[in-house]
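Trainee: This is the structure alone, sequence omitted:
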């Protein structure tokens, strides 16, 4: 991948800096010593979200035990798990006055429970601190271990999100330590364990997939019981990552969304700037009347 010529961003992917300040959000995150995937993954929506006093919390450290070709999160040995992290995340969410909280993590294959316990404790801490808020978890695959999925589901988040990320053909290249069918099993098991939980997943466009492959992946997600699907443009974090194969136009994303909604998803959020946790609260609220 090194040495591949990077594509120039088209006009619809060029954004102005947010007018509002991000200082308040950054100060709260620093005060409670919590990490965000917004910063660690170099999300292009970070400035917009921080200026609107929202963020996606990332628990279990900054180093991921896996190395995916699309991701900017640093890889390395897992860090010690902090027992007070769930409470710090909950207090930060309360200080930010969040009505919808998204909690994700690095993958922790080094832990006996792969971090499932920390997810469950974080959900409970948020419920205790701000009981009226909605909570979405965006989890690793936990190797599709049913007892771990049950542990997180048993904490009763409102949404259980696990991203498929890309089509079957590209999984080995993009996610060498993950597995397409395993990710689908995560979502199907959530529905088996807690049928009332809303399930969600995300796909990236522009990695080299065909339209037919994208539709096939979406169909597989629907069969696995996925309720909400997000699709956004992949943007390579740097020269050492998987290159962008294509930039889809806003019209193409709109048309794709229309087709996918016809597959029976409760909601499909499709657009160039869409990310799995971007505007997650609005996506969920838009779907609530359907559930």
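Mentor: The structure has been received and is ready for your questions. Note that the structure is predicted; figures quoted are calculated from it, not measured.
Trainee: Quick check: phi and psi at the closest residue to residue 278 other than its chain neighbours.
Mentor: Leaving aside its sequence neighbours, residue 278 sits nearest to residue 45 (CB to CB, 6 or more residues apart in numbering; 5.3 Å). (C-beta placed from N, C-alpha, C; glycine too.) Residue 45 adopts backbone torsions of phi -90, psi 0, taken as degrees, to the nearest 10.
Trainee: Could you do residue 168 as well?
Mentor: phi -60, psi -40.
Trainee: separation between the residue lying closest to it once chain neighbours are set aside and residue 162?
Mentor: Leaving aside its sequence neighbours, residue 168 sits nearest to residue 180 (CB to CB, 6+ apart; 4.7 Å). In this structure, residue 180 and residue 162 are 12 Å apart, going by CB to CB, to the nearest Å.
Trainee: and if you look at residue 119?
Mentor: 12 Å.
Trainee: Now for the two: what residues contact both?
Mentor: residue 139 (CB atoms under 8 Å, 6 or more residues apart in numbering).
Trainee: Give me the helices and strands touching the longest strand seen in the chain, please.
Mentor: Secondary structure assigned by DSSP state E gives strand 198-205 as the longest strand of the chain. Other helices and strands packing on strand 198-205, by 3 or more CB pairs under 8 Å, 6 or more residues apart in numbering; DSSP states H and E, are strand 159-161, helix 180-193, helix 211-223, strand 228-233.
Trainee: Show the subsequent helix or strand relative to the shortest one.
Mentor: Sequence-wise, the next helix or strand beyond strand 159-161 is helix 171-174, with elements assigned using DSSP states H and E.
Trainee: swap in the last one?
Mentor: Heading C-terminal from strand 228-233, the first helix or strand you meet, by DSSP H and E, is helix 250-261.
Trainee: Which residues does that following helix contact?
Mentor: The list of residues contacting helix 250-261 from outside it, by CB under 8 Å, 6+ apart, reads 12, 205, 211, 214-215, 218, 229, 231, 233, 248, 267-272, 274.
Trainee: try 10 Å
Mentor: The contact list for helix 250-261 (CB atoms under 10 Å, 6 or more residues apart in numbering) reads 10, 12-13, 203, 205, 211, 214-215, 218-219, 221-222, 229-233, 246, 248-249, 265, 267-274.
Trainee: Next: stretch 279-288.
Mentor: Counting by CB under 10 Å, 6+ apart, 45, 48-49, 52, 54, 56, 98-102, 133-134, 136, 138, 158-159, 161, 198, 200, 227-230, 265-269, 271, 273-274, 276-277, 291 sit against stretch 279-288.
Trainee: quick one, the longest strand of the chain and helix 211-223 angle?
Mentor: For strand 198-205 against helix 211-223, the angle by axes from the mean of the first three to the mean of the last three CA atoms, to 10 degrees is 170 degrees.
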